[in-house]
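Undergrad: Give me a 3D structure for the following:
(one chain, ligands or ions: 2)
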Amino acid sequence: MYQILVADAISEEGLYPLLNDTNAEIIQKKTDDPEVDLSTIKALLVRSATKVTDELMAEMPNLKIIARAGVGVDNIDVPAATKRGIIVINAPDGNTISTAEHTFAMMASLMRNIPQAHSSVKNLEWKRNQYVGTELFGKNLGIVGMGRIGSEIAKRAKVFGMSVLVFDPFLTKERAAKLGVESTTLDEILQRSDIITVHTPLTPETKGIINEEALKKTKKGVRLLNCARGGIIDEQDLAKYVANGHVGGVALDVFETEPPGEHPLLKYDNVIVTPHLGASTKEAQLNVATQVAQEVRTYFEGNPVSNSINLPAISKDIYEKIQPFYQISKQIGNILTQCVKEGVHELSITYSGSVTELETAYLTKAMLSGFFKGRIDVNVNEVNALLTAKERGITVGEKISTEAFGYDNCISVTAKGEENAFTVRGTFIDHYGPRIVYLNGFNIDFLPEGNLLYIQHMDRPGVIGHVGQVLGDHHINIATMQVGRKQAGGEAIMVLAFDKPLSENELSLLNNLDEIVSINPIIL
Ligand SMILES: NC(=O)C1=CN([C@@H]2O[C@H](COP(=O)(O)OP(=O)(O)OC[C@H]3O[C@@H](n4cnc5c(N)ncnc54)[C@H](O)[C@@H]3O)[C@@H](O)[C@H]2O)C=CC1
Ligand SMILES: O=C(O)C(=O)COP(=O)(O)O
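TA: Ligands and ions are numbered 1, 2, ... in the order given. Just a heads-up that it's a prediction; the model follows:
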């Protein structure tokens, strides 16, 4: 059973995939509601209202996934979520059309003074001369940010006979040509546009991208729209340019602080506003809620999610192919962490055979999550594995090799400390399962599972008997036993599996046997 906190107003109908899941319990409350026990929540669903801060995440130790039923994730501290190993997903295209249509409606309203004229008629006035507008036809529209929403606006603007200038550093010439728009610089847009609309995410780079310096370059009478995020157009600078009459009109759907309260821009008649309604249509809300609800369910069913902000996308097909290798990679990492007795500064992983055809980067992260398991108090998974290694000064290297040691596939990991290096190799055999086939210089073959004991000893007659004797005296059943050696009479190893872990006393009795060099329990 997993609990999901739905903290913002999300379409009930769209939550159907979760309401329909007998393993899911949905709680529809604010995060600061005293009746909510944040510590047991595993999934958090939000729109733009809830601020998902690091402090909030600290109160949610079981949180695995944050789902944003919408596009912008600027209300979520994504780096903090990543550090904590929490997946962040969004619904990138569910509200594109709604937001593009809203922006267009705002643009038309602004040019034809519709909100002002509407209020005037409602106040029993009839001021036809006061509300003379301007056509969209033939005007230059500048679009900053030509992603999903920007592109939909461009299409509509062209139908209205507008010339579209766009600025987006990630827009290719081919795509601009296909959309029939002129790709240009931000400066050109500022200088040539009659109307400028912004459609970028809010990032440190885009915050204030239209500020006083930019406004100075615009045409007198320019109209500005922000239906993306408050702050992309600097509100204080904009207020100055509305006050001095340079800017002819403004349409805002979003504000730096929402609700904006007593905002300097609100007093101007040529500034029209809506309360962050871009995505507020029945269709968009159903789309985004269904998308994230389905993704959350998919995640808890153990399948890959498609729209993660902090995890590379991987298809279900590839995910299924990777699963066996995923497990063995994790186990190799975990064996290393339990066997290496000094600080590790380098982990190098070599893939060979059929596994090289898969997404090995994903497996490297799985190996790291196994390596950090039990070592640090943060849950390390594919989201934060590389970051955790980096923070701890561990270099991670990945290689592809043609040497598979006779196996169909082989994953070999070497952990390097100041003094020693320790190598573990594993393989996955169809219809047989995962096997560890090499441990610190010795060929061996054991199942990486359960309560294991790795013993280094001298290859002498009777050693296996002595070990068996100690265990038998303590009524301990040996489930499986594998041995490996390099040469007769030299160093050797054995790996035993038990139904339960051995006690300190039993371990110490084994350690005291003459032929034993070292013993090392491994719990997987
Ligand atoms: N008012 C509302 O209710 C809604 C607002 N939004 C906002 O609209 C934004 C855009 O949404 P989408 O088009 O779906 O996102 P998108 O990711 O498809 O498009 C964003 C575009 O901005 C471009 N970009 C990034 N940095 C830039 C920069 N420095 N200069 C110029 N272009 C830059 C990117 O290359 C990308 O093409 C969202 O991030 C969100 O904040 C989205 C939906 C509803
Ligand atoms: O999807 C987005 O980025 C939006 O801004 C929509 O926000 P909302 O879900 O309506 O609070």
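
Undergrad: Pull out the buried residues from the lowest-mean-pLDDT helix or strand in the chain.
TA: Here the helix or strand of the chain ranked lowest by mean pLDDT, DSSP states H and E is helix 173-179, holding a mean of 89. Residues of helix 173-179 classed as buried by neighbour count (16 or more other C-beta atoms under 10 Å): 176, 179. No exception for glycine: its C-beta is placed from N, CA and C like everyone else's.

Undergrad: Which helix or strand contains Arg435?
TA: Secondary structure from DSSP states H and E places Arg435 in strand 433-439.

Undergrad: before we move on, what about Phe422?
TA: Using DSSP H and E, Phe422 falls in strand 421-429.

Undergrad: Could you list the low-pLDDT ranges of the stretch 201-350 of the chain?
TA: Applying pLDDT under 70 to the stretch 201-350 of the chain flags no residue at all.

Undergrad: Strands of that one, start to end?
TA: Shown for the stretch 201-350 of the chain, the strands assigned by DSSP state E, counting those that start in this stretch span residues 223-226, 249-252, 271-273, 346-353.

Undergrad: residues from the protein in reach of ligand 1?
TA: 70-72, 92, 95-96, 99, 144-150, 167-170, 199-202, 205-206, 227-229, 253-254, 276, 278-279 (C-beta under 6 Å from any ligand atom).

Undergrad: Select only the buried ones of these in PyMOL?
TA: A single PyMOL command selects the buried members of these (16+ other C-beta under 10 Å):
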select buried, resi 70+71+72+92+95+96+99+144+145+146+147+148+149+150+167+168+199+200+202+206+227+228+229+253+254+276+278+279
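
Undergrad: Take the residues of the chain next to ligand 1 and keep only those in helices.
TA: Mapping the residues of the chain next to ligand 1 onto helices (DSSP state H) picks out 96, 99, 148-150.

Undergrad: Using TSV, lay out those together with pLDDT.
TA: Output for these, formatted as TSV (pLDDT from 0 to 100):
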residue	pLDDT
Thr96	97
Thr99	98
Arg148	95
Ile149	97
Gly150	97
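
Undergrad: which one of these is nearest Ile27?
TA: Taking C-beta to C-beta as the measure, Ile27 lies nearest Thr99 of these, at 28.7 Å.

Undergrad: any idea which residue sits dead centre in the protein?
TA: Compute the mean C-alpha point of the chain, and by C-alpha atoms, centre = their mean the closest residue is Asn310, 2.1 Å away.

Undergrad: Just to check, that one is in contact with Val383?
TA: Yes. Under the criterion of C-beta atoms under 8 Å, Asn310 lies in contact with Val383, with a separation of 5.5 Å.

Undergrad: joint contacts of those two?
TA: 81-82, 87 (C-beta atoms under 8 Å, 6 or more residues apart in numbering).

Undergrad: Among those, which has the minimum pLDDT value?
TA: Among the shared contacts of Asn310 and Val383, Thr82 carries the lowest pLDDT, at 92.

Undergrad: check which helix or strand covers that one.
TA: Applying DSSP H and E as the criterion places Thr82 in helix 78-83.

Undergrad: Likewise for Lys365?
TA: Residue-wise, Lys365 maps onto helix 360-372 under DSSP H and E.

Undergrad: do the same with Ala154
TA: Secondary-structure element containing Ala154, defined by DSSP H and E: helix 148-159.

Undergrad: Relative to Val71, how far out is whatever residue of the stretch 301-450 of the chain ends up closest to ligand 1?
TA: Closest approach between the stretch 301-450 of the chain and ligand 1, counting by C-beta to the nearest ligand atom: Ile309, at 11.0 Å. As judged by C-beta to C-beta, to the nearest Å, Ile309 and Val71 stand 11 Å apart.

Undergrad: got it, and Asp253?
TA: From Asp253 to Val71 the distance is 13 Å (C-beta to C-beta).

Undergrad: one step back: next, show the common contact partners of Ile309 and Val71.
TA: Contact criterion C-beta under 8 Å, 6+ apart; residues shared by Ile309 and Val71: Asn90.

Undergrad: still on that earlier bit, name all residues that make contact with the residue nearest to the centre of the chain.
TA: 78, 81-82, 87-88, 383.
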